[in-house]
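In: got a sequence here, can you build the structure:
(one chain, ligands or ions: 1)
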Amino acid sequence: MRSKLVAGNWKMNGNLASNQALLTSLVPLLAPISVTRCVVCVPYPYLAQTEQILRGKGISWGAQDVCQYEHGAYTGGVSAGMVADFGCRYVIVGHSERRALFGDTDEVVAQKFVAVLKAGLTPIFCVGETLAERESGVMEQVIARQLDAVMAKSGAVALEGAVVAYEPVWAIGTGKTASPEQAQAVHALIRGRVAEQDMRVADGLPIIYGGSVKASNAAQLFAMPDIDGGLIGGASLVAEEFAGICKAAG
Ligand code: 13P
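Out: Residues are numbered from 1 along each chain as shown. This next block holds a predicted model:
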């Protein structure tokens, strides 16, 4: 039985004052939720603040990206080891915004995935198709290509220490959620692709859904057999909304 995981991706939002308010509100709201793993992925400068507020409170925190390299002359880069210093347990890699806006290729995403594992952290590895890809019938190939790039680099067994997030690009920040059936179909496809290489890893792999998840639509999504939780953007910035989603996960 896979346990559920709900992760908030704050993206480039927040400041010291608003984070303080959001995090301190989340602590009592999420305290009764003991089965689901709840995570917030915050911008780098606020990792120390997040650690200070959440340590020992049963909520995990993480980063939204890392550099693929460990250290050296990479101006502006932040390594997985550096975010681990701030108590992070999770790092998002391959988010579609990184792929589309910052040029993260499948190969770079695979390198980042490996770097996160090497630092002892859990990658939340994002895959997903654009609307044009879905409409032109290549969705399956796109997802397979994204998954295969990581499995080729690290071996399917490395997914044992990871979470996969299916985020259809057309559902991100658009208010247009994939239907539970649409999402389930892709989650099953992802699990099947991993199972071709390692059945045991595929069975235990948490696959979470992201794209316009709200407290009001989370329960139907999380009821599907291959949907093991959510990766939440906009709704993770509102304490009651995020807590509602975590509650819906059980
Ligand atoms: P929204 O929940 O705002 O659609 O964002 C989803 C997302 O990109 C999470 O990583």
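
In: going forward, measure contacts and count neighbours with C-alpha atoms only.
Out: OK.

In: which positions in the chain make contact with the ligand?
Out: When proximity is defined by CA under 6 Å from any ligand atom, the chain lies next to the ligand at 9, 171-173, 210-213, 231-235.

In: cutoff 8 Å now
Out: 8-11, 95-97, 167, 169, 171-175, 177, 210-214, 231-236 (CA under 8 Å from any ligand atom).

In: are any of these buried, and which?
Out: Buried members of those, scored by 16 or more other CA atoms under 10 Å, are 8-11, 95-96, 167, 169, 171-173, 177, 210-214, 231-236.

In: which SS class is the residue lying farthest from the centre of the chain?
Out: Distance from the C-alpha centroid of the chain, by CA atoms, centre = their mean, peaks at A73 (28.1 Å). Secondary structure assignment for A73 (DSSP: H, G, I helix; E, B strand; the rest coil): coil.

In: that one and the ligand: what is the separation?
Out: To the ligand, A73 is 29 Å away according to CA to the nearest ligand atom, to the nearest Å.

In: centre-most residue in the chain?
Out: Geometric middle of the chain (CA atoms, centre = their mean) lands on I124, at 4.1 Å.

In: contact partners for that residue?
Out: Y90, V91, I92, V93, A162, V163, V164, A165 (CA atoms under 8 Å, 6 or more residues apart in numbering).

In: show the pLDDT at it.
Out: On pLDDT, I124 comes in at 98.

In: just to be sure, it is in a strand?
Out: Yes: I124 forms part of a strand when assessed by three-state DSSP.

In: show me what it is bridged to.
Out: I124 has these beta-bridge partners by DSSP bridges: I92, V163.
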